Structure formats: structure tokens, C-alpha cells
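Colleague: mind folding the following:
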Amino acid sequence: MNKILKTALALTLTAVLAVGLALTAFALPINSGMEDNYFYNENDEAVAAPLAYRPVLVKSAYDLGLDTNFSPQDMFVHEDNLYILDSTGNRILVLDRNYSLVKTINRLYDTADYTVPDIDATTYNEDGTTSTDATLARADKYSFNDPRGLFIDDDGLIYVADYGNRRIVVCDTDGNCHQVYQSVRISYLGSSFIFRPLKVVLDNTGFLNVIAYGVNSGLVRMSADDGTFDSFFGRPEAGETDADWITDFAEEISGTTTVASSVAAEYVNVTIDGQGFIYVTAYPSDTNGAKPLKKLSADGSDVLYHADEEEFTVGDLDTEEYPQIIDVAINEEADTYTVLDARTCRFFTYNSEGVLLYIGGGVGRQYGRLRSPTSIVCWDDQVIVCDNSNKCFTVYEFTDYAQTINQAMADYNARDYDAAVESWQNVARYNSNMFLAYKTLGDIDLLLGQSYDDDDPLKFQHISRALEYFKLAQDKDGYSSAYAELRDILLSRHFTLIFGTIIIFAVGIYVLVKVRKYRAKRREEQRRAGLV
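Modeller: Take a look at the predicted model:
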């Protein structure tokens, strides 16, 4: 009877907990108008989710007071300004925190210490001879020509990958030129190689890390002193594709050898975070086996973390098409990163462990939609995306749902577990599909439970609740850990009873054996005496 009562009580408590936590995602007003918003659950299935990013501002060339010749290509946030690189207008737009245009940088100027050098118009031929590019020879050395990449260092110096002029320009916000890097020769790439920079960042060791057109050997690492080539950094590996596997199998049978079909991918974009880690993006394909996103450490190895590294990818999961991660933005304060997928025109935000938090954007011409995104940055609690086809940039802000997730992560990272429990429970109320909420709540209860003695009732309470949270999160590892803790508690709590029972059982068996031996001995003695 007691067993039946305990089982019924446990089932009732479990049901109450599940109902209290797994409130439908459509029970709150925030979910209105979110017909195409989604999220991936713990089984990598697309499910409906609350709106996380809300568009609050869209600005075009007209809104900025510019001509219509506007193609935003890259962005950078420095202090109180947003810098937008306009590749068609050949200029840098400087905006304030109200997203109003305060300055345009479209001309370079000589200084007392530096004179802008003539543009190197030399073309290198396969036979070792050279010729002159007549169009480039006539170009204005004081203007940009189809610039593609933008970076600003701690001193406020602006680095521009001036693609059309085959150079990297370093200037200040007034256009005063401090350095020009051009005529970069890399013997490994052959005598006909021409340096055409696409993106650039300056790392913490003082090297320029450049994505150059036609280079699939990694980032071109150059000295910031004189621009000479140093090495390739973060060299991508050509992954084995399905076609390679079939080829290898055929070669093994036939004993022949063919040229491998897979080649390394060219990097598309590069970003550096406050700790000096460099993020690079690439377009995977059937022939290159590339990772869409890497986080490179000082030695060039990929340290992008995820609990299930073999299956981890970014972008949409329920599609056979490869993502096209065009850019990545780092939110240092929230400890998250957001990738921009040019294929789906959506951006995906992950925590430092590679767990998807929420999704924004979408394809279209409507307000807040994107058609050909090129760049993304985080600025305080907002995300800004440039759109080349729509010739504008869009500012998104966090909804209450996303802010609740951010607050929950901040509380947990600060080890304020009381506040974290409340925050993550609020997240679960917003979105019952957010398995991270249940997992984190389970982690907190497991951690708190382990701080009590085995005979303390609070330990049993925390561990039991952690077991239910891990069950809701479908977290096998967490569930196993909580189950092991709960088993130890029960063993410790009932040790005397269990040990006593074992002793009594052992003594009983011992006595029974002795009695049976005694009786057998008596019967044998009686048989010999002829009594039986």
C-alpha cells in the first residue's frame, strides 16, 4: 500500500512540474505575429518559437541623405560610432548612436610623415614577365576603388581592404593616410599571383590577417610594419567528400590512383574578438568539405566549442543545402556569437558552448526582411545587418523573450543561482521547446544538491528535481549523473536497514546450512547405528 501511495505521489509531482514548466509557447502575447519564427529543439527539429529580434529601424541611402549609389558591404563598431563601408560609393560612412550620418570618408590625404604611394598597376605573367594594367594606372590613388573590408584598431585607425586598387589602406577618420600595403608577393602562389585583399583584421600580435582573392591556403598573415608576407594562418583542410570516398574505394579495388577531387575552401569573412580569437567563415560544398565557421587560436587550430562537435553545424539544420555564412558578430557582454546566413537571409545566435539561442531575419522585401545580406555587427543590445540588394541597413533589438534568455545566462554565469532559476523558469514559460532552460535548471539543482550531506532532505529534493529537469531536456548525461546521485542518497539513507537485512540474511543462510549439516550428520550416525 505504501509503495502504491509513493508511486502515485511521485507521478502527481512529475505531472505538476511538467505542466508548470512546459507551458505552451503560444500562451503569451509576445508570440503574436511570429508565423515564420522557429527554433531547433534538442532533436534538431524545427519548432515554433517566440520572436527574438524585432526590427526597429531601416535606413537607406535616401534616409542618410546620400545619392542612390549605395551598396553597404562591411561594418565596424568603434566606441560611439558605426562605420559602414560603401563599396559602390567608394566611401566610409560614419554614423552616431542615433544612426545619423556625421561624416563621410571618401578621400585620402598626404601627411607630413607619409605620402600616399602610386597604385601598383603591375600585372605578373606566368612566364615571369610583367605588364601594366592601363585602367589601374589611371586610377586616383587618393580614392577608394570597390572597397570590400573594414577594420578599426584600438587607436581608431581605419584599415580598408581596397580591393579594386589591390591594396590595404590605413587612415584616420579625417582621411589622413598613415600606411598603404600593396605589391605583396607570395612565391608559394606562383609568379602570376596578384594581391587583391577582400577582408582584413589586425591581431593582438601586430600581424595583419587578410582574406585575399583566389587564396585557399588560409589567411594571408602580413607584417604591420612593412606589409611583407609572413605565413598562412589557419590553413583550411580539404575534407573528404562522398565523391572522394567512392573514388578511394574504387582505387582500392582496381589498384589505380587518381587526383583527389576535394580542394580547400577560400575564406569568406574574418572577425576578431576581445580575447584575440579569430573567427573565419567559409562556404561548404560537395568538393571542399569546409566548416562554415571556425574559431582560430594563436596556433591556428579551431577551438570552436560544442558538446557534440562531430554533428555541430551552424544555420538551418533541416535542409540538405549548405549554409552560406557570410559574416559573424561577437557580443562580448552576452558571451554569444551570431552568424549571418546569406542563403536563408537569417541570423542565428549561439552561446559560447555552441547551443542555439534564437533566430532572426528572413528573406523578403518587407520591413525588417533581407535579400542579400553582407555584414552583421552587435552594438550594445542591438544587431545591425547590411543588405546589398535592398541597399539599406536594418537595426534589430531584442524582444522580452531574448532579453530573458540573456538575463538567465548572465545570472547563471554570475553564479546567482536563485536569480538564474527564476530567469530560466521564465524562459521555459515563454518557450516550452527551449531545452536549454530545462538543462540549466537541472544543472543548478544538481550542483546545489551536491553541496548537502546525504542525510539532508534538501539534497534529495534538489537531486529529484534535477532528474525531472534532465528528463524534460532529454539530457542523457545529466539524467545519468542525477540518477547516480539519487541512488547514492537512497543507499546512504537506508544503509543501516540494507546492511542489517544483508547481515540477517547472511546469518540466516549460515544457520540454515549449519542446521542442515547437523541433521545430515545425525541421520548418518543413526544409519550406522541401525536406528534407521
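
Colleague: which residues touch Thr399?
Modeller: 30, 50-54 (Cβ atoms under 8 Å, 6 or more residues apart in numbering). C-beta coordinates here come from the backbone N, C-alpha and C atoms, glycine included.

Colleague: repeat that for Ala134.
Modeller: Ala121.

Colleague: only whichever of the contacts of Thr399 are buried, select them in ChimeraX.
Modeller: Applying 16 or more other Cβ atoms under 10 Å to these leaves a buried subset, and the ChimeraX line that selects it is:
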select :30,50,51,52,53,54
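
Colleague: relative to Leu357, which of the contacts of Thr399 is nearest.
Modeller: Ala52 (7.7 Å; Cβ to Cβ).

Colleague: please report phi then psi for that closest one.
Modeller: Dihedral pair for Ala52: phi -110, psi -40, per degrees, to the nearest 10.

Colleague: once you drop chain neighbours, what's closest to it?
Modeller: Distances taken as Cβ to Cβ, 6 or more residues apart in numbering put Tyr358 closest to Ala52, at 3.3 Å, once the chain neighbours are dropped.

Colleague: on that earlier part again, okay, the contacts of Thr399 in TSV with distance to Arg429 and secondary structure next?
Modeller: Output for those, formatted as TSV (distance: Cβ to Cβ, whole Å; DSSP: H, G, I helix; E, B strand; the rest coil):
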residue	distance to Arg429	secondary structure
Ile30	11	helix
Pro50	10	coil
Leu51	15	coil
Ala52	15	coil
Tyr53	20	strand
Arg54	19	strand
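
Colleague: can you put the contacts of Thr399 in TSV and add pLDDT and distance to Asp316?
Modeller: Below are those laid out as TSV (pLDDT from 0 to 100; distance: Cβ to Cβ, whole Å):
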residue	pLDDT	distance to Asp316
Ile30	40	23
Pro50	92	18
Leu51	93	18
Ala52	94	16
Tyr53	95	16
Arg54	95	21
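
Colleague: among the contacts of Thr399, which two are most distant?
Modeller: Ile30 and Tyr53 (12.3 Å).

Colleague: need the contact list for Ile101.
Modeller: Ile isn't right for residue 101; it's Leu. Contacts of Leu101 (Cβ under 8 Å, 6+ apart): 64-66, 93-95.

Colleague: beta-bridge partners for it, please?
Modeller: Listed by DSSP bridges, the beta-bridge partners for Leu101 are Leu95.

Colleague: repeat that for His78.
Modeller: Asn81.

Colleague: separation between it and Val377?
Modeller: 10 Å (Cβ to Cβ, to the nearest Å).

Colleague: more neighbours: the two, which one.
Modeller: Counted by other Cβ atoms under 10 Å, His78 and Val377 do not tie: Val377 has more neighbours, with 25 against 16.

Colleague: what sits against that one?
Modeller: The contact partners of Val377, by Cβ under 8 Å, 6+ apart, come to 75-77, 82, 329, 383-384.

Colleague: follow-up on the earlier one: between the contacts of Leu101, which has the most around it?
Modeller: Going by other Cβ under 10 Å, Leu93 tops those with 24 neighbours.

Colleague: name the helix or strand for the closest residue to that one other than its chain neighbours, please.
Modeller: Nearest non-adjacent residue to Leu93, counting by Cβ to Cβ, 6+ apart: Ile84, 4.4 Å away. Following DSSP states H and E, one finds Ile84 within strand 81-86.

Colleague: contacts for that strand, please.
Modeller: 70-77, 92-96, 99, 102, 147-150, 152, 158, 160, 377, 379, 384, 386, 393.

Colleague: then stretch 58-75?
Modeller: With Cβ under 8 Å, 6+ apart, stretch 58-75 has contacts from 82-89, 93, 95, 99, 101, 147-150, 199, 367-368, 374-377, 384, 386-388, 390-395.

Colleague: quick check: next helix or strand after the helix or strand hosting Val180?
Modeller: In this structure, Val180 sits in strand 177-182 according to DSSP H and E. Toward the C-terminus, strand 177-182 is succeeded by strand 197-202 as the next helix or strand (DSSP H and E).

Colleague: wait, Gly274 touches Asn331, no?
Modeller: No - contact criterion Cβ atoms under 8 Å: Gly274 and Asn331 do not qualify, at 10.6 Å.

Colleague: for the two, indicate the residue with more neighbours.
Modeller: In this view Gly274 and Asn331 are compared by other Cβ under 10 Å, and Asn331 has more residues nearby, 18 against 9.

Colleague: let me know the pLDDT of the more buried one.
Modeller: Looking at Asn331, its pLDDT is 92.

Colleague: burial measure for the residue lying closest to it once chain neighbours are set aside, as a count.
Modeller: Residue nearest to Asn331 in three dimensions, not counting chain neighbours: Cys378, with 4.3 Å by Cβ to Cβ, 6+ apart. Per other Cβ under 10 Å, the neighbour tally for Cys378 reads 19.

Colleague: ditto for the one 5 residues further on
Modeller: Taking other Cβ under 10 Å as the criterion, the count of residues near Val383 is 25.

Colleague: are we agreed that it is in a strand?
Modeller: Yes - per DSSP: H, G, I helix; E, B strand; the rest coil, Val383 lies within a strand segment.

Colleague: who's in contact with the residue lying closest to Tyr337 once chain neighbours are set aside?
Modeller: Once flanking residues are discounted, Tyr337 sits nearest to Ile330: 5.3 Å by Cβ to Cβ, 6+ apart. For Ile330, the contacting residues are 271, 273-274, 279, 336-337, 378, by Cβ under 8 Å, 6+ apart.

Colleague: what ranges in this protein fall below the confidence cut-off?
Modeller: Low-confidence segments of the chain, defined by pLDDT under 70: 1-36, 238-262, 306-312, 492-500, 530-532.

Colleague: tell me the domain boundaries of it?
Modeller: Split into domains by automatic domain parsing, the chain comes to 2-31+418-493, 53-398, 494-532.

Colleague: quick check, Val280 in contact with Gly234.
Modeller: Yes - between Val280 and Gly234 there is a contact at 6.0 Å, judged by Cβ under 8 Å.

Colleague: overlap of the contact sets of those two?
Modeller: 219, 267, 294, 296.

Colleague: let's have those in TSV, adding distance to Thr123.
Modeller: TSV is the format used below for the shared contacts of Val280 and Gly234 (distance: Cβ to Cβ, whole Å):
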residue	distance to Thr123
Leu219	24
Tyr267	25
Lys294	33
Leu296	33
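
Colleague: mind checking the SS state of the residue nearest to Tyr337?
Modeller: Applying three-state DSSP: Ile330 is strand.

Colleague: same check, this time on Gly508
Modeller: helix.

Colleague: separation between it and Tyr518?
Modeller: 15 Å.

Colleague: you'd agree Leu441 is up against Phe470?
Modeller: No - under the criterion of Cβ under 8 Å, Leu441 is not in contact with Phe470, lying 9.1 Å apart.

Colleague: counting neighbours, go ahead and name the busier of these two.
Modeller: Leu441 (28 against 25).

Colleague: mind listing the helices for the stretch 251-400 of the chain?
Modeller: Ranges of helices in the stretch 251-400 of the chain, per DSSP state H, counting those that start in this stretch, are 400-413.

Colleague: what about the strands in it?
Modeller: Along the stretch 251-400 of the chain, counting by DSSP state E, counting those that start in this stretch, strands occupy 267-272, 278-282, 293-296, 325-331, 336-341, 346-351, 356-361, 373-379, 382-387, 392-398.

Colleague: closest one to Asp477 among those?
Modeller: Closest among these, using Cβ to Cβ: strand 346-351, at 17.6 Å.

Colleague: what helices and strands are in contact with the closest one?
Modeller: strand 336-341, strand 356-361 (3 or more Cβ pairs under 8 Å, 6 or more residues apart in numbering; DSSP states H and E).
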